[in-house]
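1. need a structure here:
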Amino acid sequence: MRIAAAWSWRLLVVAGVVALVLFLVVQLRELVVPLMVAMLLAALLVPFSAWLQRHRWPKWLAVAVSELGVLAILTGLIWLSIRTVIGGYPALRDQTLLRWEDLKRFLLESPLHLSEADIQGWMDGLLASLREDTSSLWSGALSVGSGVGHFLAGFLLVLFATLFILIDGRGIWHWIVKIFPRKARAAILGGGQAGWITLSTFVRVQVLVAFIDAVGIGLGAFILGLFYDGFPLVVPIAILVFLGSFIPVVGAVVSGALAVFIALVFMGPWQAFVMLLIVIGVQQLEGHVLQPFLIGNAVKVHPLAVVLLVAAGGFLAGIPGALFAVPVGATLNAMIVYIARGDWRSNPHPSVADVVPPTRGRRL
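-> Okay, here's the model as predicted:
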């Protein structure tokens with residue numbers, strides 16, 4: 001009983017601290033979410049910037065090329081998608097109206113004996129239901145803030161935070177470590193380095209997973225089009241799948257539904273059904289193979305823990321929670337494992353002297 005009581009009050013204290021941290025994160029979500037996005041971007045760009053500097057690029061130029069390069073790539077992908085969709089919009093609109101007329105004619109002539117009023121009432125109810133479901137689906141995604149002003153503020157915060165991490169990320173981390181007691185700084189410093197390596201690995205693997213998703217669905221649409229006089233808008237579909245893979249739930253639903261819808265209006269119901277099978281197959285491959293095993297092995301987290309982290313993050317914080325659950329969990333796991341292993345006692349991080357200055361008569 002004494003042992004159980006000792007464990008109980010300690011667990012209650014830890015739970016209280018965790019609850020306080022989560023409460024602060026929720027209250028400061030408009031600040032926390034952009035900072036976490038900046039951390040993910042920096043984890044992707046810091047190795048590239050360091051590689052350029054090792055090849056004798058000036059630091060300012062390496063940082064500028066890294067940040068401006070990723071902005072240029074994202075802008076180019078979005079611009080290419082929008083331009084292709086705008087070019088194909090007239091044909092898409094005409095085909096959609098034709099398919100709608102075919103569907104109405106089929107329903108009117110079917111044994112169901114439906115009337116124009118029945119079909120219109122059914123469509124009104126469906127549209128109302130879609131509006132409700134869409135608003136609830138996107139509420140988590142828009143929980144960071146509402147309106148153009150909040151979005152621009154978050155975007156600028158991401159840019160500036162990423163820039164400062166690229167310029168002096170090590171100095172920022174050393175400043176944070178110095179907040180902790182002197183005896184804990186060596187462990188925190190080494191744990192942070194282990195967590196940063198894990199986070200960088202996760203980001204690179206996530207980019208690979210998104211690329212595989214885009215290639216899988218885009219290639220499936222292209223091959224399907226070979227048998228039916230071409231599949232329109234293959235390039236924007238693949239780009240949207242790639243970008244949407246970074247947004248859990250919403251990204252997969254929107255990009256997959258767009259591919260199936262285009263197959264339906266341009267080809268027919270059977271071709272749309274085949275496209276649906278392709279989308280479901282690729283998404284199942286991602287959800288049950290790539291995400292748990294590829295990412296799990298890369299960040300040293302069990303595949304079951306990856307699935308549970310995504311589910312718990314989505315339940316607690318919606319889409320942002322699902323997006324950041326795995327990187328946060330993997331980073332904390334790497335830090336805790338490093339600190340518990342005790343390597344920092346016998347083999348401290350090389351830069352530990354920057355945060356734990358030696359004192360006279362005492363060895364580190």
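
2. Ramachandran coordinates for Pro181?
-> Main-chain dihedrals, Pro181, degrees, to the nearest 10: phi -60, psi 150.

3. need the next SSE after whichever strand or helix holds Gly169, C-terminal direction.
-> Gly169 is located in helix 147-177, with elements delineated by DSSP states H and E. Per DSSP H and E, the first helix or strand lying C-terminal to helix 147-177 is helix 182-226.

4. what's the angle between that next one and helix 147-177?
-> Interaxial angle, helix 182-226 versus helix 147-177 (axes from the mean of the first three to the mean of the last three C-alpha atoms, to 10 degrees): 140 degrees.

5. Do a quick rundown of the helices in the protein.
-> Shown for the chain, the helices assigned by DSSP state H span residues 2-27, 29-54, 59-109, 116-141, 147-177, 182-226, 234-244, 250-266, 269-285, 296-299, 303-341, 343-346.

6. hang on, the earlier thing: buried residues of the helix holding Gly169, list them for me.
-> 153-154, 157-158, 161-163, 165-166, 169, 173-174, 177 (16 or more other C-beta atoms under 10 Å). (C-beta placed from N, C-alpha, C; glycine too.)

7. before we move on, what about stretch 278-290?
-> Residues of stretch 278-290 classed as buried by neighbour count (16+ other C-beta under 10 Å): 278-279, 282-283, 286, 290.

8. what sits up against it?
-> Under the criterion C-beta atoms under 8 Å, 6 or more residues apart in numbering, residues 209, 212-213, 216-217, 220-221, 224, 245, 252, 256, 259-260 lie in contact with stretch 278-290.

9. among those residues, which two are most distant?
-> The span of these, defined through C-beta to C-beta, is set by Val209 and Leu224 at 22.6 Å.

10. returning to that earlier point: tell me which of the helices of the chain is the most buried.
-> helix 234-244 (a mean of 22; mean count of other C-beta atoms under 10 Å).

11. tell me what that one is packed against?
-> Helices and strands touching helix 234-244, as assessed by 3 or more C-beta pairs under 8 Å, 6 or more residues apart in numbering; DSSP states H and E, comprise helix 59-109, helix 182-226, helix 250-266.

12. so the longest one versus helix 269-285, what angle?
-> Orientation check (the same axes, to 10 degrees): helix 59-109 against helix 269-285 gives 140 degrees.

13. what angle do helix 59-109 and helix 234-244 make?
-> Going by the same axes, to 10 degrees, helix 59-109 makes 120 degrees with helix 234-244.

14. Now do the contacts for Gly218.
-> Counting by C-beta under 8 Å, 6+ apart, Gly218 touches 234-235, 237-238, 241.

15. now the stretch 1-150 of the chain, which segments are flagged as low pLDDT?
-> Counting by pLDDT under 70, the stretch 1-150 of the chain has low-confidence residues at 103, 106-116, 118-120, 122-124, 126-149.

16. Now do Ala214 against Gly244, distance only.
-> Ala214 sits 9 Å away from Gly244, going by C-beta to C-beta, to the nearest Å.

17. didn't Ala42 look like it was pressed against Ile165?
-> Yes. Ala42 is within contact range of Ile165, at 4.0 Å (criterion: C-beta atoms under 8 Å).

18. show me what contacts the residue most central in space within the chain?
-> Geometric centre of the chain, nearest residue: Phe246, 3.2 Å, by C-alpha atoms, centre = their mean. Applying C-beta under 8 Å, 6+ apart, we find Phe246 in contact with 206, 210, 323.

19. before we move on, back to that, any idea of the angle the helix holding Gly169 forms with helix 29-54?
-> 60 degrees.

20. Show me what helix 147-177 is packed up against.
-> helix 29-54, helix 59-109, helix 182-226.

21. my guess is Val301 contacts Thr331, does it?
-> No. Using C-beta under 8 Å, Val301 makes no contact with Thr331, being 10.1 Å away.

22. one step back: by pLDDT, give me the weakest of the contacts of stretch 278-290.
-> The lowest pLDDT within those belongs to Ala252, with 68.

23. and stretch 224-231, how far out from the chain's middle?
-> On the basis of C-alpha atoms, centre = their mean, to the nearest Å, stretch 224-231 sits 32 Å off its chain's mean C-alpha point.

24. circling back: looking at the contacts of Phe246, spot the one nearest Arg2.
-> Sorting the contacts of Phe246 by how near they are to Arg2, with C-beta to C-beta, puts Leu323 at the top with 43.4 Å.

25. what's Gly216 in contact with, if anything?
-> Gly216 touches 278, 281-282, 285, counting by C-beta under 8 Å, 6+ apart.

26. Could you report the separation of it from Glu30?
-> 35 Å.

27. circling back to that earlier point, let me have the helices of the chain in JSON lines, adding distance to Val355 as columns.
-> Below are the helices of the chain laid out as JSON lines (distance: least, C-beta to C-beta, whole Å):
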{"stretch": "helix 2-27", "distance to Val355": "23"}
{"stretch": "helix 29-54", "distance to Val355": "20"}
{"stretch": "helix 59-109", "distance to Val355": "22"}
{"stretch": "helix 116-141", "distance to Val355": "38"}
{"stretch": "helix 147-177", "distance to Val355": "5"}
{"stretch": "helix 182-226", "distance to Val355": "5"}
{"stretch": "helix 234-244", "distance to Val355": "39"}
{"stretch": "helix 250-266", "distance to Val355": "40"}
{"stretch": "helix 269-285", "distance to Val355": "44"}
{"stretch": "helix 296-299", "distance to Val355": "26"}
{"stretch": "helix 303-341", "distance to Val355": "15"}
{"stretch": "helix 343-346", "distance to Val355": "12"}
